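Asks: Here is my input, please return the structure:
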Amino acid sequence: MAKGKDVRIPVLLECAACVRNGVNVNKGISRYITQKNRHNTPNRLELRKFCPYCYKHTIHVEIKK
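Replies: Numbers count the residues shown, from 1 in each chain. Model (predicted):
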């Protein structure tokens with residue numbers, strides 16, 4: 001019995017500070033992979049995570065795959 005739509009879906013989180021500041025392409029942009037519950041969190045996810053390129057905790061926002 002497979003369900004059509006899974007409740008928990010994988011999402012990509014990207015550093016908002018790196019994107020806004022136009023980080024060097026060679027250096028990269030901080031990204032994390034996590035999961036969210038589609039029913040409990042229907043809008044985009046925002047979490048504070050550590051960015052190794054900014055060397056501090058910043059807001060990471062959900063992006064499309």
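
Asks: Would you mark the buried spots in the worst-scoring helix or strand of the chain on mean pLDDT?
Replies: Per-element confidence for the chain was summarised using mean pLDDT, DSSP states H and E. The lowest value among helices and strands belongs to helix 16-21, with a mean of 78. Neighbour-count burial for helix 16-21, counted by 16 or more other Cβ atoms under 10 Å, picks out 16-18. Where you see a C-beta, it was placed from the backbone N, CA and C, and this is true even at glycine.

Asks: Does anything pack onto that helix? Which helices or strands?
Replies: When contacts are defined as 3 or more Cβ pairs under 8 Å, 6 or more residues apart in numbering; DSSP states H and E, helix 16-21 packs onto strand 56-63.

Asks: In contact with I33, which residues?
Replies: When the contact criterion is Cβ atoms under 8 Å, 6 or more residues apart in numbering, the partners of I33 are 10-13.

Asks: the strands in this structure, which residues?
Replies: Listed in chain order, the strands found in the chain under DSSP state E are 8-15, 31-37, 46-51, 56-63.
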